[in-house]
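1. With the input below, show me the fold.
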Amino acid sequence: MNRSTNAIFLKEMGIAEWASRDTVAAARSTEVTASNTQEVQANAAPEKASYGTWWFFGNKPQGDAEVLFQNAIRVLGLSPSEWSWINPSDNLNALEIPENGLPTIAFAFGGPAAQKLSGERDPLPELRETVLALKCDLAEEIPLIASFDLAQLLSRPKDKSLLWQDLLLAKSVLQNI
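-> Predicted coordinates for the structure are as follows:
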């Protein structure tokens, strides 16, 4: 397989291709563009990363936890209209499927939130890496992914990679609905 075929497969899987800054700088310096207008238009309209609506549940992040959450939102490429934060103690039966026609995914931060939302009693380690279902009276079943509480991740930075795995699982499920 050549490099361009690999890039196509990675893009289809939703995996960003990484390159060193030196490689990117060298490629940009040798790149010939038709006009500056085309380059500006390409940079102004990045590819859409989202395929649906995200519902995030858990204790509302504050301070450094909020920074971590905003960074996750930015990396996922979500605009403010594509996600919402919902308190797990809210009435889930009052939730409404967005009218944009796109599928919805629920993402629970923390074991208590995941247990309440799914109706499961297993601890968080057993709920992670599994596609659960949001327990509510909506017309369609909403997939639910469980992950760590954001405040917990601040005290255990090595678990941030596990959060990223959970986010990628949610993104994959959402893309395949």
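2. how much space between the spatially closest residue to residue 54 that is not a sequence neighbour and residue 125?
-> Leaving aside its sequence neighbours, residue 54 sits nearest to residue 83 (C-beta to C-beta, 6 or more residues apart in numbering; 4.1 Å). To be clear about C-beta, it is placed using only N, CA and C from the backbone, and glycine gets the same treatment. Per C-beta to C-beta, to the nearest Å, residue 83 is found 26 Å from residue 125.
3. just residue 69 next, same as before
-> 21 Å.
4. Same question for residue 174.
-> Residue 174 is 23 Å from residue 125, by C-beta to C-beta.
5. Comparing those two, which shows the higher neighbour count?
-> residue 174 (22 against 11; other C-beta atoms under 10 Å).
6. Doesn't that one belong to a strand?
-> No. Counting by DSSP: H, G, I helix; E, B strand; the rest coil, residue 174 is not part of a strand but helix.
7. So it is in contact with residue 103, correct?
-> Yes. Contact criterion C-beta atoms under 8 Å: residue 174 and residue 103 qualify, at 6.0 Å.
8. overlap in contacts of those two?
-> 51, 52 (C-beta atoms under 8 Å, 6 or more residues apart in numbering).
9. Cross-check the contact I'm expecting between residue 175 and residue 105.
-> No. Residue 175 is not in contact with residue 105 according to C-beta under 8 Å; the separation is 9.6 Å.
10. Between these two, point out the one with more neighbours.
-> Of the pair residue 175 and residue 105, residue 105 is the one with more neighbours under other C-beta under 10 Å, namely 25 against 15.
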